[in-house]
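Novice: Okay, predicted coordinates and the sequence, questions at the end:
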Amino acid sequence: MIDVESVVTGSVWKIEASVGQKLEPGDVIMILESMKMEIPVIAEDGGVLRELRVTEGVPVAEGQVVAVVEE
C-alpha cells in the first residue's frame, strides 16, 4: 500500500477518482486548492485506489495522507 500525501496546505477542491478505480501512473486522484491555485494529487506509480481519507471541501495539511493506493 502506498500513502498518497498532500504536497501543500489547502483544501480539497475536487475528487477525480473513486475507490476501487484502477489508476495509471500520472492519473489525477484529486485537485487541491491553495491560495487560488489548483494543485493535482497524482498516482505516481499507478495501482488501485483503495481509500480516500478526505472529502471535497475539507482542509488538508502539507504531508497529510489523503488517499491510499495499492500497487
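Specialist: All right, it came through fine.

Novice: Can you classify the closest residue in space to Glu44 that isn't next to it in sequence by secondary structure?
Specialist: Spatially, and ignoring its direct neighbours in sequence, Glu44 is nearest to Pro25 (6.5 Å; Cβ to Cβ, 6 or more residues apart in numbering). For glycine as for every other residue, the C-beta is placed from the backbone atoms N, C-alpha and C. The three-state label given to Pro25 by DSSP: H, G, I helix; E, B strand; the rest coil is coil.

Novice: what's the distance between Pro25 and Ala43?
Specialist: 7 Å (Cβ to Cβ, to the nearest Å).

Novice: The two - which one has more neighbours?
Specialist: Ala43 (23 against 10; other Cβ atoms under 10 Å).

Novice: so what's that one up against?
Specialist: Ala43 makes contact with 4, 17, 23-27, 29, 49, 69 under the criterion Cβ atoms under 8 Å, 6 or more residues apart in numbering.

Novice: Which member of the residues you listed is positioned nearest Ala61?
Specialist: Ranked by distance to Ala61 (Cβ to Cβ), the contacts of Ala43 are led by Val4 at 14.0 Å.

Novice: State whether the closest one and Val41 are indeed in contact, as I suppose.
Specialist: Yes. In terms of Cβ atoms under 8 Å, Val4 counts as a neighbour of Val41; the distance is 6.2 Å.

Novice: ok so, going back, going by neighbour count, which of the contacts of Ala43 are buried?
Specialist: Neighbour-count burial (16 or more other Cβ atoms under 10 Å) applied to these gives 4, 17, 23, 27, 29, 49, 69.

Novice: is the third one in a bridge, and if so with what?
Specialist: Just to be clear, that refers to Leu23. Gly47 (DSSP bridges).
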